[in-house]
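Enquirer: Quick one, what's the 3D model for this:
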Amino acid sequence: MKNIIINCSVMLSLLTSCSPATEKKVDKKEDATEVNVNTVSTSDTEKNTIPKSDIPDDFSVLIPIDVLDSKSTNVYEKYGIEFSGNCYSCDLASLSVTKDKMVWTNICDEHDTFKIDKFSFSTEGSKTVLKTAERTYTVTQIDKAPVYELVVEGEKLELHNKRVSRYFTTKKALPLFKEHDCGNFEG
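Expert: Sure, this is the predicted structure:
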């Protein structure tokens, strides 16, 4: 009889340790873990995806300018249209950056272009970095006028009949800068 009571109590403790309530608690913990894992992985994916719409709108048409009077405190007199590249040799390149491509265009011939469509970019404050396999283009807004400075690192950028300027402004702001008349030149 003593053996039967011991066996029954062992059986009883085994049954209570495997109760459905205990199993439900374990299932709830597993569900919670799955939700946390899914939430974390979704957040990580969103952090690594940079929407292409972050390219500043000003970059759709950047016009080359040059330093004309380095001592001037008026940004519209300090920078302006470069006479040589616009009037004489007509070899400057404008730059257009959209979500799909970068396009260098000769300022005197809109059909003379060089297109780059494989690039990545990042923007931090006033600096935008565009990267291709060969080069890194850093465009920094150096004045609210707007004036942008371009620095190209990596392989030398050689564009036929399209000289890359160091400074750019937007097409909209261009009339505000000091202009030089091309005179008898047809630029």
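Enquirer: When you work out contacts or count neighbours from here on, use the C-alpha atoms and nothing else.
Expert: OK.
Enquirer: any idea where the strands of the protein begin and end?
Expert: For the chain, the strands defined by DSSP state E cover 62-67, 79-80, 93-97, 102-106, 109-116, 120-124, 127-131, 135-143, 147-154, 167-170.
Enquirer: Mind putting the ones you listed into JSON lines with distance to Glu179?
Expert: What follows is the strands of the chain, written out as JSON lines (distance: least, Cα to Cα, whole Å):
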{"stretch": "strand 62-67", "distance to Glu179": "10"}
{"stretch": "strand 79-80", "distance to Glu179": "6"}
{"stretch": "strand 93-97", "distance to Glu179": "17"}
{"stretch": "strand 102-106", "distance to Glu179": "19"}
{"stretch": "strand 109-116", "distance to Glu179": "20"}
{"stretch": "strand 120-124", "distance to Glu179": "31"}
{"stretch": "strand 127-131", "distance to Glu179": "27"}
{"stretch": "strand 135-143", "distance to Glu179": "18"}
{"stretch": "strand 147-154", "distance to Glu179": "15"}
{"stretch": "strand 167-170", "distance to Glu179": "13"}
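Enquirer: could you dump the ones you listed to a markdown table with mean neighbour count?
Expert: Shown next, in a markdown table, are the strands of the chain (neighbours: other Cα atoms under 10 Å):
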| stretch | mean neighbour count |
| --- | --- |
| strand 62-67 | 23 |
| strand 79-80 | 23 |
| strand 93-97 | 23 |
| strand 102-106 | 22 |
| strand 109-116 | 13 |
| strand 120-124 | 15 |
| strand 127-131 | 18 |
| strand 135-143 | 17 |
| strand 147-154 | 18 |
| strand 167-170 | 25 |
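Enquirer: Take the ones you listed and write them to JSON lines, including distance to Ile55 and mean pLDDT.
Expert: Shown next, in JSON lines, are these (distance: least, Cα to Cα, whole Å; pLDDT from 0 to 100):
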{"stretch": "strand 62-67", "distance to Ile55": "13", "mean pLDDT": "93"}
{"stretch": "strand 79-80", "distance to Ile55": "24", "mean pLDDT": "92"}
{"stretch": "strand 93-97", "distance to Ile55": "8", "mean pLDDT": "95"}
{"stretch": "strand 102-106", "distance to Ile55": "11", "mean pLDDT": "96"}
{"stretch": "strand 109-116", "distance to Ile55": "15", "mean pLDDT": "94"}
{"stretch": "strand 120-124", "distance to Ile55": "7", "mean pLDDT": "92"}
{"stretch": "strand 127-131", "distance to Ile55": "8", "mean pLDDT": "96"}
{"stretch": "strand 135-143", "distance to Ile55": "11", "mean pLDDT": "96"}
{"stretch": "strand 147-154", "distance to Ile55": "14", "mean pLDDT": "97"}
{"stretch": "strand 167-170", "distance to Ile55": "14", "mean pLDDT": "96"}
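Enquirer: nearest to Asp54, of the ones you listed?
Expert: Closest approach to Asp54 among the strands of the chain (Cα to Cα): strand 120-124, 7.2 Å.
Enquirer: Sweet, I'm off.
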